[in-house]
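S.K.: Here is my input; please provide its structure:
(chains A and B)
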Amino acid sequence: MVFTIIIEQIMKRSVITVLESSTIKEAMQLLELHQIRHIPIVNEQKQLVGIVSDSDIRDASPSIFHFTDHLDDFSKPISSIMKKHVITAHPLDFVEEVSTLFYEHHIGCLPILEGDHLVGIVTETDMLHTLVELMGAHQPSSHIEVKVENITGKLSDIAAIFKDLKVNITSVLVYPHLDPAFKVLVFRVQTIDPRKVVKVIEEKGYDVIWPSEPGML
Amino acid sequence: MMKKDAVFIFSNEQLSYRFNEKHPFNHLRLQLTYDLLKSGNVLSDELILPPRIATDEEISLIHDQAYIEAVQLAGHGKLSEGIAANYGLGTDDTPIFKQMHEASALLVGGTLTAVDEVMEGRANHALHLGGGLHHGFRGKASGFCIYNDSSIAIEYMKRKYGVRVLYVDTDAHHGDGVQWAFYDDPDVCTLSIHETGRYLFPGTGQVHEKGAGKGYGFSINVPVDAFTEDDSFLEVYETSFREVIEFFKPDVILTQNGADAHHFDPLTHLCSTFKTFKRIPKLAHKLAHQYCNGRWIAVGGGGYDIWRVVPRAWSSIWLTMTNQTALIDQPIPSDWLTKWKEHAESELPTLWDDGKIVPQIPRKPEITEKNKKTLEKALFHIRNEKKK
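M.R.: Numbering: from 1, shown residues only, chains lettered A, B, ... in the order given. Got it, this is the predicted structure:
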C-alpha cells in the first residue's frame, strides 16, 4: 500500500452533488440511493455553494407522529436548508492537518476545492482508514513499547538498536505518558521473534512495556 | 484395500527446511515426534507416507509467479539482497538458505499428499506435521513461513474436489496468511484462536475481522488475552469450533496445530498445558466424524519449545486420530528419553500431563471474563443467523 500524506491521494474524485435549485426530496433520494450522509450543493457553474447532511434533512422533516403533515415542504429548494459556510480543504493539504479540522469543527465530511471548483470529497471513514495505514497496523508485525525520558534523542537511541540488529520498523508512534517526564515509544517491527531486540533494549536500561508476567501485575 | 483410520506424512528430508543453526523454527521437532510415537509402538510403518514435492503450478495456486522465482533464485544464491527484501526474504525471520525452494515445496507437497489420501478415500484422517506455515503471503515470506501449504491445500481441494473447507487454527499467532487468502471467499471458512495481537505478531486477527464481500461472516477470529490458561482457552476453542461447524457445514476440516500456546513456549504469553493439546484434536476428531464423514487433515505450525512441548502436543494428534490415546496414561517411553536427553536443552518431561506448571495468575477471573466477551462478539453473526 502506498504511503499517503496529501489529501489528493485519499480523496474520492467522483462526488455526488445536487444543484441548488433541486428539491429537498431529490437530495433525500440521492442520500438514500448512494448510502451517503453528506451531499455538496453546487450552482450551474459547478461552484460549491453549500452542503447538506442527513441530519439537516432530518431536522427539516416532520416528526414521525405527523409524517403526513406539510409534505409540500419537501418540494422546497435544497438551498433553503443547506449550510452556506462550508469548511473545505485543498487537494495538496496534508492529511495530519486536515484530520484536526474534523475534530475541531465536529464535521463528518470535507469537500475538496481547487479554486471554486469541487474536485473531491473526504469523509471521516476515509480519514480513519488513512490513519490506520499510517500507524502500520495493517502489516504483520510485533509491537514493542518502550518508556523513555521525555528528553531529546531518545527516539534516535532506541531506533539505533533496531538498526544494529537489522530489525525493520514498520511504524513508530510517540504516545504521551501519564507522567509528563516520560514518553512511550511504540514500534511496530517486522519480526515474529522480538526477544533479542527486547533484551538489548532492556540491557541498555530502558523499560519495555510488555504483557506483564504473572505475579508482576 | 481397507480404508485406514489415519496416515502419517513424513520423511527425514523435511528436516531440510532449516534457516540456520540458531533459528527458532526447528523441524527437528518432526524427528522428535516421530521417535516418540515409534518408541510408544503406536506408529506402524505401513501408515507412514513420504511427502511428495509440490509442483510450481500447485504452489502458484496461491503464490505469485515472481515470488516463486525469487525463492528459487535465492536458494541458489542468485538473488540480490535488495530484491530479496521486497519478498520478505533474507530477514532474521526468514533468512535465505540453500535449496530453500525445494525444502519449502516438500512441505507444501506433504500437505497435498495428506489431502489426496483423505479426499480419495484411502484414509479418514491424515497428519502432516511439517505443514501449517500459516504466515506465508501471496508474494511475501513472513514469520518463518515461505510457502503457505495450508492456503495452497485449500485452493487445491476447492478446485480438484469441489469441496467447502473449514480451516481451524489454534496456533498462538493469528493465521493471517490463510485468512487473507480466502477473506472474500464464502466456500472457505477460517477460524483462528490466538493470543491478542496487542503485542504479539502479526498484530491482526481482531474480533471484528469477519471477511469481506461474499465472504463476510466466514472469517472468525477469537483473540484471547495474554496469560490465558487451559480452561478459558478450551472454552473458547470448543464453543467456537462447535458453533462454526454447525453454521458452515463443511465437507472437510483442515486444522493447523501450532503448539506455541503452551506456557513453556518462549515466543508467546499464553499459559496452556498438555491438557489443551489433549483436547484440541479430540474435538476435531469428533466433529470430523459428525459433520464430514471423518474427513480431517491436520498440519503442524508454530511451537518453539521443541523438547518439552512439541513432541507431546503433536503426538497427541496422532494418538487421537488412531484411537490410541490410552498411551497418555503411561509414562513417556524410556527409549525416547534415553535417546534424546543428551541433546535436549531442557529437562525432558517424563509424563504426558504437565500437572501444575503455571504460576498463580492474579487476573485469571478478568481474563476468563474478557475471553468470554470476545467469544460472544466473534460468534455474534452466527448466533444471530441461527435465530432467524
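S.K.: how close does the closest residue to B:K377 other than its chain neighbours get to chain A?
M.R.: Nearest residue to B:K377 in three dimensions, chain neighbours excluded: B:V207, at 4.7 Å (CB to CB, 6 or more residues apart in numbering or on different chains). Where C-beta positions appear, they are placed from N, C-alpha and C, glycine not excepted. Relative to chain A, B:V207 is positioned 15 Å away (criterion: CB to the nearest CB, to the nearest Å).
S.K.: that's a strand at B:V207, yeah?
M.R.: No: B:V207: not assigned to a strand; according to DSSP: H, G, I helix; E, B strand; the rest coil it is coil.
S.K.: The residue lying closest to B:Y17 once chain neighbours are set aside: what secondary structure?
M.R.: Nearest non-adjacent residue to B:Y17, counting by CB to CB, 6+ apart: B:A103, 4.3 Å away. Secondary structure assignment for B:A103 (three-state DSSP): helix.
S.K.: Just list the residues touching the residue nearest to B:K377, thanks.
M.R.: The contact partners of B:V207, taken as CB atoms under 8 Å, 6 or more residues apart in numbering or on different chains, are B:221-223, B:374, B:377-378.
S.K.: Repeat that for A:I36.
M.R.: Residues in contact with A:I36 (CB under 8 Å, 6+ apart) are A:16, A:30.
S.K.: Ok, B:V310 next?
M.R.: Neighbouring residues of B:V310 by CB under 8 Å, 6+ apart: B:29, B:32-33, B:259, B:303.
S.K.: that older thread, hang on, isn't the residue nearest to B:Y17 packed against B:F19?
M.R.: No: counting by CB atoms under 8 Å, B:A103 stays clear of B:F19, with 9.8 Å between them.
S.K.: Looking at those two, which one has more neighbours?
M.R.: Neighbour count, other CB atoms under 10 Å in any protein chain shown: between B:A103 and B:F19, B:A103 has more, with 23 against 19.
S.K.: Wait, B:L30 touches B:F10, no?
M.R.: Yes: with contact defined as CB under 8 Å, B:L30 reaches B:F10; the gap is 6.2 Å.
S.K.: Report the set of residues contacting both of those two.
M.R.: Both B:L30 and B:F10 are in contact with B:129-130, where contact means CB under 8 Å, 6+ apart.
S.K.: beta partners of the spatially most central residue of chain B?
M.R.: Closest to where the C-alpha atoms of chain B average out (CA atoms, centre = their mean) is B:Q256, at 2.4 Å. On the basis of DSSP bridges, B:Q256 is bridged to B:D169, B:V299.
S.K.: How about the contacts made by it?
M.R.: With contact taken as CB under 8 Å, 6+ apart, B:Q256 is in contact with B:132, B:134, B:150, B:167-171, B:175, B:178, B:299-301.
S.K.: And B:I59, by the same measure?
M.R.: B:I59 makes contacts with B:68, B:105, B:108, B:147, B:152, as judged by CB under 8 Å, 6+ apart.
S.K.: can you tell if stretch B:137-154 touches chain A?
M.R.: Yes: residues of stretch B:137-154 contacting chain A under CB under 8 Å from any CB of the partner chain: B:142-144.
S.K.: quick revisit: may I see the PyMOL selection of the buried members of the contacts of B:Q256?
M.R.: Buried subset of the contacts of B:Q256, written as a PyMOL selection, criterion 16 or more other CB atoms under 10 Å in any protein chain shown:
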select buried, chain B and resi 132+134+150+167+168+169+170+171+175+178+299+300+301
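S.K.: With adjacent residues omitted, what lies nearest to A:T123?
M.R.: Per CB to CB, 6+ apart, closest to A:T123 is A:C109, 4.6 Å.
S.K.: And the pLDDT at the one you found?
M.R.: Per-residue confidence (pLDDT) for A:C109: 92.
S.K.: With the one 10 residues further on instead?
M.R.: According to the model's per-residue confidence, A:V119 sits at a pLDDT of 93.
S.K.: SS state for it?
M.R.: Using three-state DSSP, the structure places A:V119 in strand.
S.K.: Please list all residues in contact with it.
M.R.: By CB under 8 Å, 6+ apart, A:V119 lies in contact with A:11, A:13, A:91, A:112-113.
S.K.: ok, now A:R58?
M.R.: Taking CB under 8 Å, 6+ apart, one finds nothing in contact with A:R58.
S.K.: Now do it, the pLDDT please.
M.R.: Predicted confidence (pLDDT) for A:R58: 84.
S.K.: In the host helix or strand of it, which residues are buried?
M.R.: Following DSSP states H and E, the helix or strand that holds A:R58 is helix A:54-60. Within helix A:54-60, the residues scored as buried using 16+ other CB under 10 Å are A:54, A:56-57, A:60.
S.K.: Let me have those in a markdown table, extended by distance to B:P365.
M.R.: Converted to a markdown table, the buried residues of helix A:54-60 look like this (distance: CB to CB, whole Å):
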| residue | distance to B:P365 |
| --- | --- |
| A:D54 | 44 |
| A:D56 | 48 |
| A:I57 | 49 |
| A:A60 | 52 |
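S.K.: next one: phi and psi at residue 151?
M.R.: Here I'm looking at chain A. phi -130, psi 160 (degrees, to the nearest 10).
S.K.: The intended chain is chain B.
M.R.: Torsion angles, degrees, to the nearest 10, at B:S151: phi -60, psi -40.
S.K.: I'd like to know how many residues surround it.
M.R.: B:S151: 29 surrounding residues under other CB under 10 Å.
S.K.: same check, this time on the one 10 residues further on
M.R.: Applying other CB under 10 Å, we find 16 residues neighbouring B:Y161.
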